[in-house]
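**Student:** Based on what follows, work out the 3D shape:
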Amino acid sequence: MCCDSIGLLEECMTERSRVATHGEKRKPVIGITVGDATGVGPELALKCAALPEVTRRCNPVLYGSESAVSRIARTV
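**Tutor:** Numbers count the residues shown, from 1 in each chain. Modelled structure (predicted):
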């Protein structure tokens, strides 16, 4: 795991999953802040958001510097 918060994230997503009108479960949208654009935050946030165990349970949205995340995305 890339961070200790995955367990808490999984618990939150399990508790808050919603049922769509056709009986399908919709994945919740979870915001992930990238933190300091010059630190390791953008890389960690991007890697966490791309983990299959995260995308299987939610639709992650990154909040922070778009240029920092774009720069990291090209190198990862």
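**Student:** What separation is there between Val54 and Ser65?
**Tutor:** According to Cβ to Cβ, to the nearest Å, Val54 and Ser65 sit 21 Å apart. Using the backbone N, CA and C atoms, a C-beta is placed for each residue, glycine as well.
**Student:** Which one of those two is surrounded by more residues?
**Tutor:** Counting neighbours by other Cβ atoms under 10 Å for Val54 and for Ser65 shows that Val54 has the greater number, 21 against 17.
**Student:** Quick check, pLDDT for that one.
**Tutor:** According to the prediction, Val54 has pLDDT 94.
**Student:** Tell me how far it lies from Ser67.
**Tutor:** For Val54 relative to Ser67 (Cβ to Cβ), the value is 23 Å.
**Student:** Okay, and Arg71 sits in which element?
**Tutor:** Per DSSP states H and E, Arg71 falls inside helix 66-75.
**Student:** in that helix, what counts as buried?
**Tutor:** Of all the residues in helix 66-75, those buried under the rule 16 or more other Cβ atoms under 10 Å are 68-69, 72.
**Student:** cool, and stretch 39-50?
**Tutor:** Neighbour-count burial for stretch 39-50 flags 41-46, 48-49 (criterion: 16+ other Cβ under 10 Å).
**Student:** Stretch 27-34 now?
**Tutor:** Neighbour-count burial for stretch 27-34 flags 28, 30, 32, 34 (criterion: 16+ other Cβ under 10 Å).
**Student:** now the strands for the protein?
**Tutor:** In the chain, the segments counted as strands under DSSP state E are 18-19, 25-26, 29-33, 59-63.
**Student:** Same list, the ones you listed, but as JSON lines with mean pLDDT and distance to Val76 please.
**Tutor:** Shown next, in JSON lines, are the strands of the chain (pLDDT from 0 to 100; distance: least, Cβ to Cβ, whole Å):
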{"stretch": "strand 18-19", "mean pLDDT": "50", "distance to Val76": "31"}
{"stretch": "strand 25-26", "mean pLDDT": "82", "distance to Val76": "28"}
{"stretch": "strand 29-33", "mean pLDDT": "94", "distance to Val76": "15"}
{"stretch": "strand 59-63", "mean pLDDT": "94", "distance to Val76": "13"}
